[in-house]
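Visitor: Predicted structure and sequence below. I'll ask about it afterward.
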Amino acid sequence: MKQVVLIFFLCSLFSNVVLSTDTGVAIWSGQVKNTIVIGTMDYSNQTTIPMITLDGYTYPGDQQFSSFNYIDNVLTIVATNQESNQMDLITINCSQWDIGSILPIQQHLTLGGLAYSSSFENDPNNLFITIFNFGLLKVIKMNPYTGQNLTVDQFPGVFQSAVYNSDTNYYAVSYVNHTITNSLSNNYIKYYFYSSNNTIASMQSFKLSFTPMISIYTFGPYKMRYHKSISQVIGLLQYFNPNGGQMNQVFSSLTSSSSIQISDMISKPSLYIISILPSPTSSLVYTIAQNMDKFYFIIINYSQNTIQDIIPISQPIVEIF
């Protein structure tokens, strides 16, 4: 039987742990094999405080397997249960630091693109999820506590990323359309715009164009996040640079419904960015990067297109909110 271990002596100090613009929630791999730790992280000094340990679980990867509800202070993650070898959907109350629900996920299904809707109060199905399996994508809105859900759409494609824009009230899915065979670029994005009464106003799909053009495109946009301070959806792209003979990972911005502006700011080739977090108060972007077994906290000034700092960190963090 899998155990959820609450770190009680820390919970007793929780009144001193206040989530603010400098403090957020982080997920990292525990020192004990097959454990996930959820806790707080101070972005000003990169210190972490563990609050809950999920024993017998591993974090499955980087296809947006988690989302944070900033209104209710709730974190939902997809985690691989090492005993049953299947995935569970786990929801954690980060105000009380307790487990709200653990829902088993049907085998052969992968749940990604998790994004909480923050625009509508009293909506129990407030978690957007994209289910991907055998070349089909299914968009649903789910109640993370009960598993009840509403199907929004289903279409062929290979998942890349998803994002919720709280200002324009849309959920968007970036995907590869392999049913299109007469084009060199099969990268698309599909939008689900919601009206003020929480019903779909429109669905729109666009083929993505990239500026400047990439000669050998590989993957993206992925890890999309809405940067409220600059009113842009940002994300990452990967492409092969034939001149340097290496894979580049760059930031990108969704400048219109179908246009991606590629930044000329490239992270160090030795570092792979695994999580991005827009600052709620400035144009800064906090990122977690990895090089082998080393992890780094990188501060980026997105408006100035510069890397502000690269700081080694001790915890193997996989996601920050």
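Guide: Structure received.
Visitor: CA atoms for contacts and neighbours, from now on please.
Guide: OK.
Visitor: Now do the helices in the protein.
Guide: Listed in chain order, the helices found in the chain under DSSP state H are 8-11.
Visitor: low pLDDT regions in it?
Guide: Across the chain, the ranges flagged by pLDDT under 70 are 1-21, 179-185, 214-218, 241-246, 265-269.
Visitor: Look at the nearest residue to residue 35 once chain neighbours are set aside and say how many residues are nearby.
Guide: Distances taken as C-alpha to C-alpha, 6 or more residues apart in numbering place residue 55 nearest to residue 35, at 4.7 Å, with adjacent residues excluded. Counted by other C-alpha atoms under 10 Å, the residues lying close to residue 55 total 20.
Visitor: wait, doesn't residue 55 sit right on residue 36?
Guide: Yes. Residue 55 sits in contact with residue 36 when judged by C-alpha atoms under 8 Å, with a separation of 6.7 Å.
Visitor: Without its sequence neighbours, what residue ends up closest to residue 222?
Guide: The shortest distance from residue 222 to any residue that is not its chain neighbour, by C-alpha to C-alpha, 6+ apart, is 4.6 Å, and that residue is residue 161.
Visitor: How about the contacts made by that neighbour?
Guide: Residues in contact with residue 161 (C-alpha atoms under 8 Å, 6 or more residues apart in numbering) are 63-64, 113, 173-175, 220-224.
Visitor: Next: residue 85.
Guide: Contacts of residue 85 by C-alpha under 8 Å, 6+ apart: none found.
Visitor: rerun at 10 Å
Guide: By C-alpha atoms under 10 Å, 6 or more residues apart in numbering, the residues touching residue 85 are 57, 107.
Visitor: ok, it to residue 129 distance?
Guide: 21 Å (C-alpha to C-alpha, to the nearest Å).
Visitor: Which segments of this structure make up each domain?
Guide: Taking automatic domain parsing as the domain assignment, the ranges for the chain are 1-107, 108-207, 209-321.
Visitor: Ramachandran coordinates for residue 304?
Guide: With angles defined as degrees, to the nearest 10, residue 304 sits at phi -90, psi -10.
Visitor: do the same with residue 34
Guide: Comment: the main-chain dihedrals of residue 34 come out as phi 60, psi 50, following degrees, to the nearest 10.
Visitor: Could you give the number of residues near residue 224?
Guide: The local packing of residue 224 (other C-alpha under 10 Å) involves 29 other residues.
Visitor: And the closest residue to it other than its chain neighbours, how far from residue 257?
Guide: If you skip the residues right next to it in sequence, residue 224 has residue 235 as its closest partner in space, 4.1 Å away by C-alpha to C-alpha, 6+ apart. Here the distance between residue 235 and residue 257 works out to 14 Å (C-alpha to C-alpha).
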